[in-house]
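Next comes the sequence, and after it the predicted model I'd like to discuss.
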Amino acid sequence: MPRILRWIAISLGSIVAVVIGIGLGLFALGKVKADELPEFTLQPPLIPSDRASIARGRHLAEAITLCTECHQNGLRGRKLDLPPLVGTLVAPNLTAGKGGVGGRYTAADWDRAVRHGIAKDGRKLVLMPSQYYARMTDSDFAALVSFLNSLTPVDNELPPSTIGPIGNALLGAGRFPFAADVVDHAEVGQNPVTPGVTEEYGSYLTTLANCRGCHGPDLRGTTGLIGDLRGTTRLIGPLTAPSLVDSTRSWSADEFRQTIRNGRMPSGRPLDPQKMPWPRLANLTDDELNAVFEYVRSISAP
């Protein structure tokens, strides 16, 4: 019996050592990935300051790119709710108030952060969904920055973001990659899109709104996804999103619009605003919602 117990103890000890070794290896790999920066040339457009551009930028931030989901209304920033071992992740104050970055960021700094996923100080941004914002046209990017430059200063000092051991292990395992590592930096700003009720514009809006982050790259649904980039309490853990292609197959364009506007499906089932940010998407125009509907309907059945 003592020999069996010793064998069991040795076996368990070996397993624990292997697990610790793998964890340390992934942690180290995550640290390496965090420090490796891509090389690219910034070509930010000129930033306007007229009322129409600022209004377009506000619409982008509040209804399309959903900046307010993480940075709160007024874009004053907040600390995100995560376990300490995952990290201390902060959506920064984007205004020019005390603790904000707005007074220090140039057009190039905004471009580096928004469309390339890298902060002014050279850090890779962890939660910034730049893999989707990289598709943003120069005209929309310029309008967004014009709105950011017009924000009312709000004093809100926040701690810096830090990545914990579990967060580094997830990065090392490739389960939660940096956006800066998946963006095609050379293509940023090189693909203009004309607004209209078209499949192309619907695809563009779907990308900027991060629909693919939950519903999958082809909008056919996801199960067990790690990482909800909207900054909710479900940042790390299983996340299931239905197929937009299948669930809306029998809907009319009006039913699609009304679902987003009212947060209730044609069947009467309500949408959970903690999982589906319909209260903000409800501010999309009819033409924008029709474009998204045209795009979803264009995706061929399996």
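Yep, it's here. Numbers count the residues shown, from 1 in each chain.

CA only for contacts and neighbour counts going forward, please
Will do.

what residues are up against residue 296?
Applying CA atoms under 8 Å, 6 or more residues apart in numbering, one finds that residue 296 lies in contact with 202, 219, 244, 245.

And those residues, which is closest to residue 52?
residue 202 (22.1 Å; CA to CA).

Which phi and psi values does the closest one adopt?
The phi/psi pair for residue 202 (degrees, to the nearest 10) reads phi -60, psi -40.

My guess is it contacts residue 297. True?
No: when contacts are counted by CA atoms under 8 Å, residue 202 is not listed as touching residue 297 (10.3 Å).

hmm, back to that, which ones among the contacts of residue 296 map onto helices?
The helices, defined by DSSP state H, take in 202, 244, 245 from the contacts of residue 296.

How is the protein partitioned into domains?
The record's domain parsing of the chain by automatic domain parsing lists 51-186, 199-298.

What is the least confident helix or strand in the protein?
Of all helical and strand segments in the chain, the minimum by mean pLDDT, DSSP states H and E falls on helix 2-35, at a mean of 47.

Could you list the low-pLDDT ranges of the stretch 201-302 of the chain?
In the prediction, the stretch 201-302 of the chain carries residues with pLDDT under 70 at positions 224-239, 300-302.

got TSV for the contacts of residue 296, with distance to residue 166 too?
Compiled in TSV, these are given as follows (distance: CA to CA, whole Å):
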residue	distance to residue 166
202	37
219	29
244	32
245	35
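
Return a PyMOL selection command for the buried portion of those.
Selecting only the buried entries of these in PyMOL, with 16 or more other CA atoms under 10 Å as the criterion:
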select buried, resi 202+219+244+245
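
Pick the one among the contacts of residue 296 closest to residue 145.
Of all the contacts of residue 296, the one with the least separation from residue 145 (CA to CA) is residue 202, at 22.4 Å.

So what's the residue count around the nearest residue to that closest one once chain neighbours are set aside?
Nearest residue to residue 202, sequence neighbours excluded (CA to CA, 6 or more residues apart in numbering): residue 292, at 3.9 Å. Neighbouring residues of residue 292 were enumerated by other CA atoms under 10 Å; the total is 25.

Can you give me the buried ones in whichever strand or helix holds residue 292?
With elements taken from DSSP states H and E, the one containing residue 292 is helix 286-298. The neighbour-count check on helix 286-298 (16+ other CA under 10 Å) flags 288, 289, 290, 291, 292, 293, 294, 295, 296, 297 as buried.

ok, now stretch 188-207?
For stretch 188-207, a neighbour-count test (16+ other CA under 10 Å) marks 188-189, 193, 197-207 as buried.

Was I right to think residue 53 contacts residue 148?
No: with the criterion set as CA under 8 Å, residue 53 and residue 148 do not qualify as a contacting pair; they are 11.0 Å apart.

got a list of what the nearest residue to residue 56 once chain neighbours are set aside touches?
Using CA to CA, 6+ apart and skipping residues adjacent in sequence, the residue nearest residue 56 is residue 143, 6.0 Å away. By CA under 8 Å, 6+ apart, the contact set of residue 143 is 47, 48, 53, 54, 55, 56, 57.

ok, now residue 126?
Counting by CA under 8 Å, 6+ apart, residue 126 makes contact with 89, 178, 179.

so it is in which element?
Secondary-structure assignment from DSSP H and E places residue 126 in no helical or strand segment.

buried sites along stretch 268-288?
Those would be 271, 276, 277, 278, 280, 281, 282, 283, 284, 288, for stretch 268-288 by 16+ other CA under 10 Å.

Closest one to residue 212 out of those, please.
When the buried residues of stretch 268-288 are compared against residue 212 (criterion: CA to CA), the nearest one is residue 276, at 12.3 Å.

who touches stretch 263-277?
For stretch 263-277, the external contacting residues (CA under 8 Å, 6+ apart) are 232, 251, 255, 258, 259, 278, 279.

Could you export these as TSV, including secondary structure and distance to residue 112?
As requested, the contacts of stretch 263-277 are arranged in TSV below (DSSP: H, G, I helix; E, B strand; the rest coil; distance: CA to CA, whole Å):
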residue	secondary structure	distance to residue 112
232	coil	24
251	coil	40
255	helix	39
258	helix	37
259	helix	35
278	helix	29
279	helix	29
